[in-house]
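In: would you be able to build a 3D model of this:
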Amino acid sequence: MTTVRISIMALATAATCLSLSACASSKMADAGGAQAPTTANTTLPEGQEEKIPLSHLFGSHAAKASTYNAQAGIGVNAYLWRASLDTISFMPLTSADPWGGVIISDWYANPQAPNERFKTTIYILDSRLRADALNVSVYKQVNQGGQWVDADVSQQTQLDIENAILTRARELRLSDVKN
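Out: I've put the predicted structure just below:
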């Protein structure tokens with residue numbers, strides 16, 4: 001038990017030291033490239049402290065990314081997310097995680113072919129609308145003597161679903177640009 005406490009205290013001390021060292025070495029450059037004076041050289045009225053924005057502690061990239069995700073409302077590209085849900089809307093959903101970017105459907109059997117069923121898993125891997133930000137896995141089972149047996153799915157089926165999702169995502173994006 002004491003080993004855990006010591007580890008936690010050491011971790012907290014290290015985090016505090018890193019935070020303080022980041023604050024102490026934070027210098028802002030003006031437009032000409034010259035460095036502005038640091039807090040030690042600046043005199044503020046008594047009782048007033050200089051406030052450092054969180055973007056300086058965690059880097060401006062983190063601030064931009066969090067702003068983008070806050071606008072989108074989900075952790076992945078909103079157009080790919082919506083297009084994925086639209087494309088497989090005929091299939092029942094088992095799980096949909098907008099922050100992790102995973103959509104899992106339940107088994108779906110086409111009424112015209114009741115002896116085979118399909119299941120999809122869609123991964124949205126990026127917050128940008130890109131073709132490589134999408135990965136679709138399709139699973140197929142065939143009914144043989146009352147038992148569902150795994151069967152091969154052609155690579156073309158997965159590519160067709162990916163292309164349908166990307167096409168729908170582009171349509172959604174264009175409709176937003178026009179409005």
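In: for the protein, give me the ranges with low pLDDT.
Out: Along the chain, segments meeting pLDDT under 70 span 1-73.
In: mind listing the helices for it?
Out: For the chain, the helices defined by DSSP state H occupy 2-24, 54-58, 60-72, 78-87, 155-178.
In: contacts for whichever strand in the chain runs longest?
Out: When the chain is parsed with DSSP state E, its longest strand is strand 134-144. Contacts of strand 134-144 with the rest of the structure, by C-beta atoms under 8 Å, 6 or more residues apart in numbering, involve 80, 84, 107, 114-125, 148-153, 157-158, 161-162, 165-166. Just so you know, the C-beta spots here come from the backbone N, C-alpha and C atoms, and that holds for glycine as well.
In: who does the closest residue to residue 116 other than its chain neighbours bridge with?
Out: Nearest residue to residue 116 in three dimensions, chain neighbours excluded: residue 142, at 5.1 Å (C-beta to C-beta, 6 or more residues apart in numbering). Assessed by DSSP bridges, residue 142 has beta-bridge partners residue 116, residue 149.
In: can you get me a residue count around residue 142?
Out: Neighbourhood size, residue 142 [other C-beta atoms under 10 Å]: 14.
In: tell me, how many residues neighbour the closest residue to residue 166 other than its chain neighbours?
Out: Of all residues beyond its chain neighbours, the one nearest residue 166 is residue 131 (5.9 Å), with distances taken as C-beta to C-beta, 6+ apart. Counted with other C-beta under 10 Å, residues neighbouring residue 131 total 11.
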